[in-house]
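Participant: give me the fold of what follows.
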Amino acid sequence: MSLFTLIFFACLCAGLYYLCPLRLRWVLLLLVSYAYYAYCGASALPFILITTLSTWAGALVIGRIGAQGKAYIKEHKAELSADDKKARKEAVKRRQRIIFFLVLLLNFGILAVLKYLQPLLDWKAALTSREAPVLNLLLPLGISFYTFQSMGYLIDVYNGKYAPEKNPAKFALFVSFFPQLIQGPIARYDQLAPQFMSDHRFDLGNMERGALLILWGFFKKKVIADRALPLVEEVFSNQGAYGGAVIAVGVLFYSLQQYCDFSGGIDLVTGIAQLFGIELAPNFKRPYFSVSLGDFWRRWHISLGAWMRDYVFYPFALLKPMNRLSKAAKKHFGTAFSRALPAALGNILVFFLVGIWHGAQMNYVLWGLYNGLILAFTALMEPVYKRMNEKMPRLTSSKGFHVFRILRTFLVVNIGWYFDRCIRASDAFVMMQKTVFAPQFSQLRDGALMQLGLSTRDFRVLFIATILLFVVSLLQERGVKIRDSVMALPLPIRWLILYAFLFFVLATFGGASAPGAGFMYAVF
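Facilitator: Residues are numbered from 1 along each chain as shown. Prediction:
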């Protein structure tokens with residue numbers, strides 16, 4: 001489905017939504033979501049249905065086992081000793097744990113087979129110099145997003161955060177809500193599901209705010225990301241033909257293209273959800289203004305980071321073996337090191353998994369480990385940074401040092417993009433070696449850039465659009481709420497701004513990229 005079709009579809013559905021009786025609106029959203037998913041690929045419907053039904057049923061059984069256990073203890077309170085109650089609770093937890101792991105295994109197993117089996121076979125074939133079988137496995141739209149979202153709900157129910165949803169249709173809407181199926185964000189049940197049952201009245205201001213965000217996302221995706229894409233593909237696909245300077249330009253363009261593709265898509269789906277009065281969780285917060293790698297990952301793909309933090313990092317750091325390791329480290333390396341060690345190892349594990357989440361290829365594994373190791377080192381060096389701040393407060397609090405930290409983080413992040421975007425892991429090392437030791441700056445002067453798939457007009461549009469993106473992001477970073485400022489203006493001026501920006505986007509739409517270029521993360 002093209003972006004134009006998606007936006008038209010969303011606007012049409014929003015009109016029907018406000019005409020529909022309040023008690024049936026969530027039903028309309030469910031039907032619309034499944035119609036959208038079927039349109040994008042009806043053959044993928046069984047997979048999202050399996051995830052939905054297995055998670056709903058598993059959580060319901062877990063909830064009932066827990067409720068029955070509590071009822072039994074309450075009913076026989078006078079007869080049971082403290083040890084009996086403890087034994088009963090442990091027995092209940094064991095039964096819940098069996099269901100819990102069965103549902104986890106089923107759904108992560110489906111994800112693993114569909115997403116990782118072919119790359120693993122290719123990897124094995126490369127090691128044995130044989131030809132890998134081609135499985136032609138279907139990768140459903142947004143499978144990683146809806147699987148992680150569903151498993152987050154299951155974990156929360158298992159941990160007793162909230163009661164399981166009894167209505168399978170209402171739970172199906174939580175899993176399949178069509179705007180976020182494209183590429184997230186990964187929602188939490190207690191934040192998203194209650195909004196489907198809320199009394200959303202038609203609000204012109206809310207529609208305008210959603211339209212502004214849709215336009216801004218469309219601008220980032222179609223005017224910047226898709227226009228930069230041909231240059232990125234050319235450099236990374238034919239890196240042997242270019243020196244390090246052109247490769248560095250390709251990496252910078254990839255940094256811009258990936259950010260605008262992903263965050264533009266998030267703006268788009270957030271704006272669409274807002275047409276229905278539904279607020280999705282924020283997923284980006286101007287990551288290229290980050291002052292450290294940790295700060296960057298708290299601003300980039302926020303919902304995935306929060307999922308990993310709550311369901312992987314904290315449980316791992318609190319494991320008994322980690323506690324024993326921390327105590328052992330305290331004897332040999334001191335208190336500060338022992339406290340930082342669980343966080344350091346947790347970061348390595350989390351970003352190894354984030355790398356695998358992107359794909360089973362070695363370049364993604366190395367990219368994840370690159371980020372994890374830097375964050376682990378940072379955690380261990382935290383006492384050193386703290387002492388430096390205490391000894392040189394004027395330096396570390398100055399604007400110049402703040403800018404230095406932003407530029408340093410930008411450099412560290414872009415080194416990681418070599419691994420993230422390259423075709424083979426070995427290519428990343430070759431490209432980095434060329435960037436440092438064989439830049440061939442002459443290629444920047446002899447017209448090589450004009451042979452990378454972009455026209456002079458494309459470069460000009462990208463320059464203007466990137467400046468606009470930077471200015472808006474800088475204002476937002478300084479606390480200026482752009483949409484609030486626009487919404488405070490009189491209605492005619494607001495609509496004049498909307499139409500002016502729409503015409504600007506349409507005037508700069510196009511370029512060298514394929515008009516049907518989809519979202520990078522739609523197949524994640």
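Participant: report the central residue of the protein.
Facilitator: Closest to where the C-alpha atoms of the chain average out (C-alpha atoms, centre = their mean) is residue 301, at 3.6 Å.
Participant: quick one, phi psi at it?
Facilitator: In this entry, residue 301 is assigned phi and psi values of phi 50, psi 60 (degrees, to the nearest 10).
Participant: how far away is it from residue 263?
Facilitator: Applying C-beta to C-beta, to the nearest Å, the value for residue 301 to residue 263 is 9 Å. (Each C-beta comes from the backbone N, C-alpha and C, glycine too.)
Participant: next: residue 133.
Facilitator: Separation of residue 133 from residue 263 (C-beta to C-beta): 38 Å.
Participant: follow-up on the earlier one: so what sits against both of residue 301 and residue 263?
Facilitator: Residues within reach of residue 301 and of residue 263 at once, by C-beta atoms under 8 Å, 6 or more residues apart in numbering, are 283, 284.
Participant: that older thread, higher neighbour count, residue 133 and residue 263?
Facilitator: Regarding residue 133 and residue 263, a neighbour count based on other C-beta atoms under 10 Å identifies residue 263 as having more, with 24 against 10.
Participant: so which residues of the stretch 151-300 of the chain form helices?
Facilitator: 168-176, 178-181, 189-196, 204-218, 226-237, 244-275, 293-297 (DSSP state H, counting those that start in this stretch).
Participant: check the offset of the longest one from the chain's centre.
Facilitator: How far helix 244-275 lies from its chain's middle: 12 Å, per C-alpha atoms, centre = their mean, to the nearest Å.
Participant: packing partners for that helix?
Facilitator: Under the contact criterion of 3 or more C-beta pairs under 8 Å, 6 or more residues apart in numbering; DSSP states H and E, helix 244-275 touches helix 3-19, helix 178-181, helix 204-218, helix 226-237, helix 399-421, helix 425-437, helix 442-445, helix 456-477.
Participant: got it, and the fourth one?
Facilitator: Helix 204-218 is packed against helix 3-19, helix 244-275, helix 482-487, helix 491-508, with contacts defined by 3+ C-beta pairs under 8 Å, 6+ apart.
Participant: using JSON lines, lay out those helices together with distance to residue 220 and mean pLDDT.
Facilitator: As requested, those are exported to JSON lines (distance: least, C-beta to C-beta, whole Å; pLDDT from 0 to 100):
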{"stretch": "helix 3-19", "distance to residue 220": "12", "mean pLDDT": "88"}
{"stretch": "helix 244-275", "distance to residue 220": "3", "mean pLDDT": "95"}
{"stretch": "helix 482-487", "distance to residue 220": "14", "mean pLDDT": "90"}
{"stretch": "helix 491-508", "distance to residue 220": "10", "mean pLDDT": "87"}
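Participant: so for stretch 396-408, what's the average pLDDT?
Facilitator: For stretch 396-408, mean pLDDT is 93.
Participant: kindly report the same for stretch 82-90.
Facilitator: Averaging pLDDT along stretch 82-90 yields 88.
Participant: what are the contacting residues of it?
Facilitator: 69, 72, 73, 80.
Participant: restricted to buried residues, select those residues in PyMOL.
Facilitator: Entered in PyMOL, the line below selects the buried ones among these, by 16 or more other C-beta atoms under 10 Å:
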select buried, resi 69
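Participant: measure the closest residue to residue 434 other than its chain neighbours to residue 414 for me?
Facilitator: Spatially, and ignoring its direct neighbours in sequence, residue 434 is nearest to residue 244 (3.9 Å; C-beta to C-beta, 6 or more residues apart in numbering). In this view, residue 244 and residue 414 are 13 Å apart by C-beta to C-beta.
Participant: next: residue 159.
Facilitator: For residue 159, the distance to residue 414 equals 38 Å [C-beta to C-beta].
Participant: which one's more surrounded, these two?
Facilitator: Taking neighbours as other C-beta under 10 Å, residue 159 and residue 414 compare with residue 414 leading, 16 against 13.
Participant: isn't the more buried one right next to residue 251, touching?
Facilitator: Yes: using C-beta atoms under 8 Å, residue 414 is in contact with residue 251, at 5.6 Å.
Participant: give me the residue ranges of the stretch 201-350 of the chain where confidence is low.
Facilitator: For the stretch 201-350 of the chain, no stretch has pLDDT under 70.
Participant: pull out the buried positions in the helix or strand in which residue 70 is found.
Facilitator: For residue 70, the host element (DSSP states H and E) is helix 45-75. The neighbour-count check on helix 45-75 (16+ other C-beta under 10 Å) flags 47-48, 51-52, 54-56, 58-63, 65-66, 69 as buried.
Participant: which one of those is nearest residue 126?
Facilitator: Residue 126 lies nearest to residue 47 out of the buried residues of helix 45-75, by C-beta to C-beta, at 28.3 Å.
Participant: quick revisit: wait, the residue nearest to the centre of the chain sits on residue 281?
Facilitator: No: at 11.3 Å, residue 301 and residue 281 do not qualify as touching, with contact defined as C-beta under 8 Å.
Participant: what's stretch 365-385 in contact with?
Facilitator: With contacts defined as C-beta under 8 Å, 6+ apart, stretch 365-385 is touched by 292-294, 297, 336-337, 340-341, 343-345, 347-356, 358, 412, 415-416, 419-420, 425, 428.
Participant: and those, which of them are buried?
Facilitator: By 16+ other C-beta under 10 Å, the contacts of stretch 365-385 give 292-294, 297, 337, 340-341, 343-345, 347-352, 354-356, 358, 412, 415-416, 419-420, 425, 428 as buried.
Participant: got the angle between the longest helix anywhere in the chain and helix 45-75?
Facilitator: Identified as the longest helix of the chain according to DSSP state H is helix 82-128. Per axes from the mean of the first three to the mean of the last three C-alpha atoms, to 10 degrees, the angle that helix 82-128 makes with helix 45-75 is 160 degrees.
Participant: next, count neighbours for the residue nearest to residue 338 when sequence neighbours are not counted.
Facilitator: Take residue 338 and drop its neighbours on the chain: the residue closest to it by C-beta to C-beta, 6+ apart is residue 330, 3.7 Å away. For residue 330, the neighbour count with other C-beta under 10 Å is 15.
Participant: which strand or helix spans residue 330?
Facilitator: Using DSSP H and E, residue 330 sits in helix 320-333.
Participant: so what's the gap between the following helix or strand past that helix and the chain middle?
Facilitator: Per DSSP H and E, the first helix or strand lying C-terminal to helix 320-333 is helix 335-358. In terms of C-alpha atoms, centre = their mean, the centre of helix 335-358 is set 19 Å apart from its chain centre.
Participant: now do stretch 272-282
Facilitator: On the basis of C-alpha atoms, centre = their mean, stretch 272-282 sits 17 Å off its chain's mean C-alpha point.
Participant: now the terminal residues of it, how far apart.
Facilitator: With C-alpha to C-alpha, to the nearest Å applied, stretch 272-282 spans 14 Å between its terminal residues.
Participant: list the buried residues in it.
Facilitator: 272, 273, 274, 275, 276, 277, 278, 280, 281.
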